[in-house]
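Participant: fold the stuff below for me.
(3 chains)
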Amino acid sequence: MTGFATPLANYLLLAALLFAIGLAGALTRRNAIMVLIGIELMLNAANLNLIAFWRYGPHPEALTGMMFAIFSIAVAAAEAAVGLGLVIAIYRHTNTTDLDKMNRMKG
Amino acid sequence: MQEMISFAPSSTSSMVAQYLWLIPALPVAASGLIALLKQPKRRTAAWLAIGSLSLSLLLSLVAFGHVLAGWTGGMVVRETVNFAWIHFGYTAVDLGWVLDSLAAVMLVMVSFVGLLIFIYSVGYMAHDENFTRFFCFMSLFAGAMLGVVISNSMLLLFMCWELVGLTSYLLIGFWYQKPSAAAAAKKAFITTRFGDIFFLLGIVWLFSQTGTLLLYNHGAGSLEGMALGNLVAQHAALGLSAAGAIGLLIFAGAAGKSGQLPLHVWLPDAMEGPTPVSALIHAATMVAAGVFLIARVYPLMQIGAQPGGTTAALTVVTWIGAATAVFAALIAVGQNDIKRILAYSTVSQLGYMMAGLGLGGVAVGMFHLITHAFFKALLFLGAGSVIHGCHEEQDVRRMGGLKADMPLTFVTYAIGMLALCGFPLIFSGFWSKDGILEAAKHWSVAKGPFYLLVFGALLTAFYMTRQVCYVFFGHWRGHHPAHESPKVMTVPLAILAFFAIVLGAIGTPAWPWFHAFLEGRAVTFSWHGFAEPGLLALMLTSSLVVFLGLVLGWWIYGDKSPKPEAQDALEHAAPWLWAGLRDRLYIDEFYGVTVLAFYAWWGRVADWLDRRVWGGIVAAVAWIFGLWAQLVRLLDIHWVDGGFDKSCEELSTGGGILASVQTGRVQNYLRILAVAVVVLAAILLWGSRP
Amino acid sequence: MNPVFYILAVLTLAGGLAAILLRSLVHSVLAVTAAFAGLALVFLQLDAQFAGFAQILIYIGAVAILIVFAVLLTRSSELPKSGVFSNTWIVGLVIAAGVFAVLGWAVLESMSAVPQQAAVPAVTVHDIGNALMGRYVLPLEIVALLLTAATIGAVIVAMHEKEGPK
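Facilitator: Here you go, the predicted structure:
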């Protein structure tokens, strides 16, 4: 049950693909919540990168990669909370979550 | 005429010469001060004028004394003070003044006679409301005339000359509300100006040939040796040398000022001015300025003469002088205005003076000028007294019998009249006129002037007798009874009468002090002066002529006082001759037809040119400019403004385009972020490839 | 060639794809939850047990629920009339593809520098606990502050506005 057989590149490619998928979602969907979901996917892909490198890299410090990933998860959660709170507040004002319609900041 | 400069010349300037400029400056300053007086302050004005001229007289006497002292000490005094006024390039315009015997006698005469006339004017102009203006102008005139006398620079002389002409204009037209006075002033100014054109040409020619404006400048002046030599060597035209031609041009200016034959027309009309003006300006001083000018530039006119002979310039001067003398005397016979008779008499005497200069030299002409100044001023002031006493009446046919009503005036007037006629021996006029006649008799060129001058003497005696008979003898023909004038007017008359007698003594052949003083030679009193051949015969002849004239006049006019409307006795005898004489021999009419008509025509031509041609050109240029302005305006609107507006629009549009990036939509921002990161990463990775 | 990895990879990718492609938002949430789960299992496969369980607890247990609540509160469960994809969805797709291309190229380019084998790090929860209280105590406290701020902020932002200005 070791990950030796799969080279690091596979994990990195998986992370890259997942990142791209999350980015695609954030860039193409109309709904604001969908954008947030995409962002969560991107964050997760980054976490995967971190863990993979932690696993495959040298270990002068045994814990650094893991701690990084854990903190990342915590911050992501906080950010998701605030972001969704914002979406709800905006929904209350404009009665829509369609991003195409939210252009009052346009120059 | 002998050249006898036997004395040693002295030309260093003394204290007197350094301060000579004060003599004309004081009256001019007084004139300026009077002009600045706020309300008409008669006493102040009169005191300023009389005071300044008295000071000038004092200084003139000092200067005269200085020259006299030099002369008695055996020196020919000619002191100059010169300075450069304006510098341009290598040359400079020089001004300066000179003190010599000629200037000294003129200074004393002008200031003395002027002072007497000023005092007289206080009485004469007492009722005039423009009293202060009168004294302002008179003072200015006095200053200018004194300036002419001491001038050593032709430019300064010309400036003072013109100033004299200006003040003459102002004073002739003093009562400018009278159209005749205004017209007379204009006529005087324009006629003298005409002469002055030639004068200026002469000055310019002289300056260009000699390179200096100064007359005497320690040998470098234009009247001194080197310059004169150059001038006489050059030929101008008609056989004249440059010196002669310049001399004639200057004479043209003098002829205008001194009323010689073609340019005499202004003098009789100038009688429109107040009588003191006529006395000072048109008898004693200003008209004498022309004679003085010729005397001043005499070396120029005389150079090139053979000993015993004369130059062409002086010949012209003589003939014009003699002709003027007779011409004016003829017209004087037919005049009825007391001042006009005296005016024509002045013209005639000026002719004598010019003839004297041409025939006998500076001293002969100047002696007659000095004596004439005194007795002519006396006659004019006497006429003024008569006019004043007859309540401003000026027609002699309305006067008469005044010898009883105005005895003092009569006595002084008679003295002046006899001096003018040249009554033998006692009166100064006899000696001065005889000097001219003697010179005419000995003239080498022709005898014509002599006969003309003798005939003129006859006429002079005749018309003066006629005038005196009309005014003082017979019975009163006016409206209101006449009265004698106040002391302030009669005292100057008495003083002038005294000099009219006494001045003769300095010019007799027995003791020709005046001539010696002017020519810079010694003189002694000697009865042998009368022993010159032909002199006694000449004196006898001229005396006979004078007596003949007096007797003729008395016989025709005598104590009879014909009614003012009646014909004059001569008119009765020869009406056509009388009409010609009374109408001034039609000279004015001749000028009217020729000169004035030409000017009127020329004025019309110039007006047409100005309005049509020059005005047309100006309008065309203006139209072109207007067109140009329109074009520029169009260019400005369409190109400049348009271009500017367009570029601003483009900027705005560009800004709009750039601003469209800010869509306000989050997803767009995200996309741009992602693109930026991709590009950056690509660059980094590409750069770090092994 | 570990087949476990590929199965897990497929699961994760399928979940992600489904999340962004499904029209109904609730379905998307469920799909992304599946992706989270797949990723947790991948973590476990990589011997990062704490991270894997933390992933399950936090992402699936909190974030996903949160998203569901948000969906419900914004009535996003109804299908919008104008479609779920933006008008310019191709641009987004292209950009994402570009990003993947760059990342993939970077990975493939540097394959030679990747270490092939490493010893399993001996990490126990005990060690993590010690580290959190020892070396990483400052980041811990900061994250705690951050979480507090986030919580308060989210509450305030999403709260019903009181009537009248305050």
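Participant: which other helices and strands contact the helix or strand bottoming out on mean pLDDT in chain C?
Facilitator: Per-element confidence for chain C was summarised using mean pLDDT, DSSP states H and E. The lowest value among helices and strands belongs to helix C:125-133, with a mean of 88. Applying 3 or more Cβ pairs under 8 Å, 6 or more residues apart in numbering or on different chains; DSSP states H and E, one finds that helix C:125-133 makes contact with helix A:64-94. Where you see a C-beta, it was placed from the backbone N, CA and C, and this is true even at glycine.
Participant: buried sites along stretch C:53-73?
Facilitator: Of the residues in stretch C:53-73, those buried under the neighbour-count criterion (16 or more other Cβ atoms under 10 Å in any protein chain shown) are C:54-56, C:58-60, C:63-64, C:66-68, C:70-71, C:73.
Participant: and those as CSV, adding secondary structure?
Facilitator: As requested, those are arranged in CSV below (DSSP: H, G, I helix; E, B strand; the rest coil):
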residue, secondary structure
C:Ala54, helix
C:Gln55, helix
C:Ile56, helix
C:Ile58, helix
C:Tyr59, helix
C:Ile60, helix
C:Val63, helix
C:Ala64, helix
C:Leu66, helix
C:Ile67, helix
C:Val68, helix
C:Ala70, helix
C:Val71, helix
C:Leu73, helix
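Participant: take those and lay them out in a markdown table including distance to B:Arg689.
Facilitator: Listed next are those as a markdown table, based on distance: Cβ to Cβ, whole Å:
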| residue | distance to B:Arg689 |
| --- | --- |
| C:Ala54 | 37 |
| C:Gln55 | 35 |
| C:Ile56 | 40 |
| C:Ile58 | 39 |
| C:Tyr59 | 37 |
| C:Ile60 | 41 |
| C:Val63 | 39 |
| C:Ala64 | 41 |
| C:Leu66 | 43 |
| C:Ile67 | 41 |
| C:Val68 | 46 |
| C:Ala70 | 44 |
| C:Val71 | 45 |
| C:Leu73 | 50 |
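Participant: out of those residues, which comes closest to chain B?
Facilitator: Nearest to chain B among these: C:Ala70, at 16.2 Å, using Cβ to the nearest Cβ.
Participant: now do the closest one against C:Leu13, distance only.
Facilitator: 25 Å (Cβ to Cβ, to the nearest Å).
Participant: next one: B:Val675
Facilitator: Applying Cβ to Cβ, one obtains 24 Å for the distance of B:Val675 from C:Leu13.
Participant: next: A:Glu40.
Facilitator: From A:Glu40 across to C:Leu13, the span is 15 Å (Cβ to Cβ).
Participant: who has more neighbours, these two?
Facilitator: Looking at A:Glu40 and C:Leu13 with other Cβ atoms under 10 Å in any protein chain shown, you find the greater number of neighbours at A:Glu40, namely 26 against 16.
Participant: next, give phi and psi for the more buried one.
Facilitator: Backbone torsions for A:Glu40, taken as degrees, to the nearest 10, come to phi -60, psi -40.
Participant: my guess is it contacts C:Ala35. True?
Facilitator: No - contact criterion Cβ atoms under 8 Å: A:Glu40 and C:Ala35 do not qualify, at 9.1 Å.
Participant: if I look at the two, which residues touch both of them?
Facilitator: When contacts are counted by Cβ atoms under 8 Å, 6 or more residues apart in numbering or on different chains, A:Glu40 and C:Ala35 are jointly contacted by no residue.
Participant: roughly how far does the closest residue to chain A within the stretch 401-550 of chain B sit from B:Lys441?
Facilitator: Going by Cβ to the nearest Cβ, chain A is nearest to B:Val488 of the stretch 401-550 of chain B, at 105.5 Å. B:Val488 sits 44 Å away from B:Lys441 when distances are taken as Cβ to Cβ.
Participant: neighbour-wise, which of those two wins?
Facilitator: Neighbour tally, B:Val488 and B:Lys441, criterion other Cβ under 10 Å: the higher count belongs to B:Lys441, 18 against 14.
Participant: got the phi and psi for the spatially closest residue to that one that is not a sequence neighbour?
Facilitator: Leaving aside its chain neighbours, B:Lys441 sits nearest to B:Phe450 (5.3 Å; criterion: Cβ to Cβ, 6 or more residues apart in numbering or on different chains). According to degrees, to the nearest 10, the main-chain angles of B:Phe450 amount to phi -60, psi -50.
Participant: pretty sure B:Phe450 sits against B:Glu438.
Facilitator: No - B:Phe450 sits out of contact with B:Glu438 when judged by Cβ under 8 Å, with a separation of 9.5 Å.
Participant: any idea how far the residue nearest to the spatial centre of chain A is from chain B?
Facilitator: Averaging the C-alpha coordinates of chain A gives a centre point, and the residue nearest to it by Cα atoms, centre = their mean is A:Leu43 (2.1 Å). Between A:Leu43 and chain B the computed distance is 14 Å (Cβ to the nearest Cβ, to the nearest Å).
Participant: now that residue. Nearest residue, chain neighbours left out?
Facilitator: Among residues not flanking A:Leu43 along the chain, A:Ala76 sits closest, at 4.6 Å (Cβ to Cβ, 6+ apart).
Participant: next one: B:Gly360
Facilitator: Using Cβ to Cβ, 6+ apart and skipping residues adjacent in sequence, the residue nearest B:Gly360 is B:Ala439, 3.0 Å away.
Participant: same check, this time on B:Leu263
Facilitator: By the measure of Cβ to Cβ, 6+ apart, the closest residue to B:Leu263 outside its immediate chain neighbours is B:Gly256, 4.5 Å from it.
Participant: what about the one you found, neighbour count?
Facilitator: A count of nearby residues for B:Gly256, using other Cβ under 10 Å, gives 26.
Participant: and C:Ala96, by the same measure?
Facilitator: C:Ala96: 25 neighbours (other Cβ under 10 Å).
Participant: how about B:Gly615?
Facilitator: The burial count assigned to B:Gly615 is 12, neighbours taken as other Cβ under 10 Å.
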